[in-house]
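Chemist: below are the sequence and a predicted model; questions follow.
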Amino acid sequence: MNPVHVSQRVIRLFFLPALLGAQCASSLAQPLPIDVLHWWTSAGERLAVEQLHTQLLLNGVRWKDVAIPGGGGMAAVKVLKSRVLMGDPPDTAQLIGATLKDWDDVGLVMPLTAVASRQQWAQTVFPTVLNLITYKGVVIAAPLGIHRINTLLYNRHVFVRLGLLPPTNWEEFAVVAQKLSGQGIKPLAWSDEAWQIATVFEAVLLGEVGPKRYRELIVNRKSSAWLSPDIDKALERLRWLRTISGEVPRERPWTESAREITSETAAMFIMGDWAKGELMAWGASPERDFGCVAVPGTRQMHLYSVDTLAMLRNARKRTATQEKLAEVVTTAQSQLAYNRIKGSVPARNDIDPASLDPCARDSWTAFAARDAALVPSLAHRMAADEATKDAVAQVLWRFLINPQMQVNEAKRRLALAVRSP
């Protein structure tokens, strides 16, 4: 045998244990991967997710991104169902509101009560949020942030140039819309996507009927209540808002509508405050370029959606790492970093509101107020299951695209839709 080969074999045998030990130590030092399925895919949402990446890496966890595009999360829910049926659930998924309980009922969701106890969520997380993520006495998700759905965004430059003030009621809104139209500016950005129509409608409905009636209609899902005369005004208002968009409406992503605000093609936009995060991602400032107010008639009300992550059971058995992820994303530092970019506000009650931008400060303060009228969003899975949400959105979509449908017929269909299983 060649002496050189012999010496190389000896060297390998001699140093192999040390080399293997070094490799093992190196692998142990690497952040542990957790695949996270979600639908945060817009520019602002991606930047917010990167903040979570950073916070987790500092704590030995690597966020493995499984981002599924699609407005409202419908596509992501389909992918999740497919992966579960194939026996390969992700480690973590963006599950929110009523859908959390559905997945927990099939035994997929990992309990986080121990994490909540260690992190003192009972003292630091808003009670409404803690109640949302608690099912049968068990905490089943980690809260990230609170979105305000009844948000009206407006272009500050347009309003200042025309001497306008953001409207606080629908009468003022009509005057502002008329002046904007007279200047060739579309008063309201609009999309005919069903989930976006439902988003506008629930904010309008809240303003027209108030929080008590809203809960009866949306939370308690009392069918007969949908047949009352006060629903007429909300449906008629919805049709009117569509007509003042200044063009033939079409289905388009919400990000396209947000673009119209920055380009001054449109002056106002009714959308959850994740649209604020998108505007900021494009370089706009809530102090300089755009503002946020509550949708007319809802000033003292907070129509909310809460971002939450559920840890899922699977064959990989990464319980300790999943718990670490839940701990990290709920710290004050992570919540501030994430929500400042996402457009939402921290789910924690110990945040200094002075550290937030004007839009976020108003949202967080409204949510934290002792006499706050907090109501859950239907369009964003807080108040009902997936089937009911979709059924209501489809009725509203058909009502808008078919001018021949009478208000009473739309009310009848809504009364049936809220009873969807």
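Modeler: Nice, thanks for sending it over. Numbering: from 1, shown residues only.

Chemist: from here on, just use CA atoms for contacts and neighbour counts.
Modeler: Noted.

Chemist: pretty sure Lys64 sits in a strand.
Modeler: Yes - assessed with DSSP: H, G, I helix; E, B strand; the rest coil, Lys64 lies in a strand.

Chemist: from Lys78, how far out is it?
Modeler: The gap separating Lys64 from Lys78 is 19 Å, by CA to CA, to the nearest Å.

Chemist: more crowded one of the two?
Modeler: Lys64 (15 against 12; other CA atoms under 10 Å).

Chemist: can you find the helix or strand of this protein with the lowest average pLDDT?
Modeler: The weakest-scoring helix or strand in the chain, judged by mean pLDDT, DSSP states H and E, is helix 3-29 (a mean of 36).

Chemist: give me the residues contacting stretch 371-385.
Modeler: Here stretch 371-385 makes contact (CA atoms under 8 Å, 6 or more residues apart in numbering) with 72, 96-99, 102, 149, 195, 198-199, 202, 211, 214-215, 218-219, 300-306, 366-367, 389, 393, 421.

Chemist: low pLDDT regions in the protein?
Modeler: Residue ranges of the chain with pLDDT under 70: 1-29, 71, 420-421.

Chemist: which strand in it runs the most residues?
Modeler: The residue-count maximum for a strand in the chain (DSSP state E) belongs to strand 301-311.

Chemist: let's see the helix or strand just after that strand as PDB, backbone CA atoms only.
Modeler: For strand 301-311, the following helix or strand on the C-terminal side (DSSP states H and E) is helix 319-329. Extracted in PDB, the C-alpha atoms of helix 319-329 (Å, rounded to 0.1, in the frame of the first residue of the first chain):
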ATOM      1  CA  THR A 319     -42.500  21.100  21.200                       C
ATOM      2  CA  ALA A 320     -39.700  22.900  23.000                       C
ATOM      3  CA  THR A 321     -38.800  25.000  20.000                       C
ATOM      4  CA  GLN A 322     -42.500  25.800  19.300                       C
ATOM      5  CA  GLU A 323     -42.900  27.000  22.800                       C
ATOM      6  CA  LYS A 324     -39.700  29.100  22.500                       C
ATOM      7  CA  LEU A 325     -41.200  30.700  19.300                       C
ATOM      8  CA  ALA A 326     -44.400  31.500  21.300                       C
ATOM      9  CA  GLU A 327     -42.400  33.000  24.100                       C
ATOM     10  CA  VAL A 328     -40.300  35.200  21.800                       C
ATOM     11  CA  VAL A 329     -43.000  36.600  19.600                       C
END
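
Chemist: so which bits of helix 319-329 are buried?
Modeler: Neighbour-count burial for helix 319-329 flags 319, 321-323, 325-329 (criterion: 16 or more other CA atoms under 10 Å).

Chemist: angle of that helix against strand 301-311?
Modeler: Between the axes of helix 319-329 and strand 301-311, defined by axes from the mean of the first three to the mean of the last three CA atoms, to 10 degrees, the angle is 150 degrees.

Chemist: quick one: contacts of helix 319-329?
Modeler: Identification of contacts with helix 319-329 by CA under 8 Å, 6+ apart yields 32, 34, 52, 55-56, 59, 61, 91-92, 112, 115, 119, 141-144, 309, 311, 334-335.

Chemist: any of those residues buried? List them.
Modeler: With burial judged by 16+ other CA under 10 Å, the buried subset of those is 32, 34, 52, 55-56, 61, 91-92, 112, 115, 119, 141-144, 309, 311, 334-335.

Chemist: okay, Ser117 and Val109: tell me how far apart.
Modeler: Ser117 is 18 Å from Val109, by CA to CA.

Chemist: er, Ile351 I mean
Modeler: Distance from Ile351 to Val109, by CA to CA: 29 Å.

Chemist: ok, the two, which is more surrounded?
Modeler: Legend: neighbour count by other CA under 10 Å for Ile351 and Val109, higher for Val109 (24 against 17).

Chemist: in this structure the more buried one contacts Leu309, no?
Modeler: No - taking contacts as CA atoms under 8 Å, Val109 lies outside contact range of Leu309: 10.3 Å.

Chemist: direction included, what does the helix or strand that contains Gly145 pair up with?
Modeler: Using DSSP H and E, Gly145 sits within strand 142-148. Sheet pairing of strand 142-148 (DSSP bridges) gives strand 301-311 (antiparallel), strand 345-346 (antiparallel).
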